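Novice: this is a predicted model, with the sequence first.
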Amino acid sequence: MKLLSVIVPCYNEEENVPYFYEEFIKNESFFKEKEIDWELLYVDDGSKDKTASEVKKLHEKDERVHLFSFSRNFGKEAAMYAGMEKSKGDYVVIMDVDLQDPPALLPEMFSYIEQGYDSVATRRVTRKGEPPIRSFFARMFYRMMKRISKTEMMDGARDYRLMTRQMVDAILEMKEYNRFTKGIFGWVGFNTKWIEFENVERVKGETKWNFWKLLLYSIEGITAFSTAPLSFAAVMGVLFCIFAFILIGFIIVRTLVFGDPVSGWPSLVCIISLISGVQLFCLGIVGQYLAKTYMEVKRRPIYLLKEEI
Ligand code: UDP
Ligand code: MG
């Protein structure tokens, strides 16, 4: 018998917890046929509603359901890490509790693992039901990441992924505090099969992400997997030096030929504000990396458990 660990991060999802279980066990006959045992690890990411007690109810019915409760909200990245750390399975799959990662895809995903792939990842080909601005910026983000990072990141990739133990152990080796799992999956490598599906809207409740959170998360992704912005700051410095030298030459020649040393106050103001803007921007980029480094060197734990069943 092989064991499959299913990791389900939940944050204020009391309505979806039982729903997910029902959908998931529809695969029971498939698991029996393939001789796969499973454990369902709900990671309660500091929910303020009845998420934990809903999971406990399921645990009383079915011992294969487990609960890991955080002491506060640490974020989905931390929940996925905790799940992987606690998982015992030969295979591990991460799924959203809102059923946006259809459990019905599992048999297909297993067929690729049987063919020898180390991991089967999913991406949605449509972004139906998502605000257009959000889709636009998401696409921009992936296009930019393709250019500035060597790590492979797919547009529309979800965290829904089936992996072998070997790959999960590799991911657990990466103990960074600022986690961007989509990049980490790509960074560790291994043979990955991508399967595509149409976007599904969440069954109940609301998304935990707003535009601002996503923007901050994308900065996380950029600083974690690329140093291109730092090079950009350096290049800007060189460009402005060249610009300044040309300007010095121009002004010397103009003064010698026309003898007009004082005019040019408006242009001076424009140049000063432009250059100080660029300077602050570049300083901000350096600051971002410094802040991330500061958080890393503190070596704080990625999550704290309050309860474990
Ligand atoms: N989630 C979490 N911690 C958080 C935010 C979200 O564990 O701080 C979980 C959430 O319960 C869900 C999954 O992460 O199972 C995806 O969240 P959501 O559906 O809100 O994101 P979306 O699908 O809109 O990208
Ligand atoms: Mg969702």
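Specialist: Here it is on my side, so go on. Ligands and ions are numbered 1, 2, ... in the order given.

Novice: does ligand 2 sit close to the helix or strand hosting Ile222?
Specialist: Secondary structure from DSSP states H and E places Ile222 in helix 211-225. No: judged by Cβ under 5 Å from the ion, helix 211-225 and ligand 2 are separated, with a smallest distance of 12.5 Å. (Glycine included, C-beta is placed from N, CA and C.)

Novice: give me the distance from that helix to the chain's centre.
Specialist: Helix 211-225 sits 8 Å away from the centroid of its parent chain (Cα atoms, centre = their mean, to the nearest Å).

Novice: go on, stretch 244-261?
Specialist: Worked out by Cα atoms, centre = their mean, stretch 244-261 lies 52 Å from the chain centre.

Novice: just the CA atoms of stretch 237-246, as PDB, please.
Specialist: What follows is stretch 237-246, C-alpha atoms only, in PDB (Å, rounded to 0.1, in the frame of the first residue of the first chain):
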ATOM      1  CA  GLY A 237      23.000  55.100 -12.300                       C
ATOM      2  CA  VAL A 238      25.300  54.600 -15.300                       C
ATOM      3  CA  LEU A 239      22.800  56.100 -17.700                       C
ATOM      4  CA  PHE A 240      22.200  59.200 -15.600                       C
ATOM      5  CA  CYS A 241      26.000  59.700 -15.300                       C
ATOM      6  CA  ILE A 242      26.300  59.600 -19.100                       C
ATOM      7  CA  PHE A 243      23.400  62.000 -19.400                       C
ATOM      8  CA  ALA A 244      25.100  64.400 -16.900                       C
ATOM      9  CA  PHE A 245      28.400  64.400 -18.800                       C
ATOM     10  CA  ILE A 246      26.600  65.200 -22.100                       C
END
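
Novice: can you tell me what sits against that stretch?
Specialist: Ile275, Val278, Cys282 (Cβ atoms under 8 Å, 6 or more residues apart in numbering).

Novice: how about it: buried residues?
Specialist: For stretch 237-246, burial by neighbour count (16 or more other Cβ atoms under 10 Å) applies to Phe240.

Novice: tell me the average confidence for that stretch?
Specialist: Averaging pLDDT along stretch 237-246 yields 88.

Novice: contact partners for Lys306?
Specialist: Lys306 makes contact with Ser69, Phe70, Ser71, according to Cβ under 8 Å, 6+ apart.

Novice: now, of the residues you listed, which are buried?
Specialist: For the contacts of Lys306, buried by 16+ other Cβ under 10 Å: Ser69, Phe70.

Novice: cross-check the contacts of Lys306 against ligand 2 and keep the overlap.
Specialist: When those are checked against ligand 2 using Cβ under 5 Å from the ion, none falls in range.
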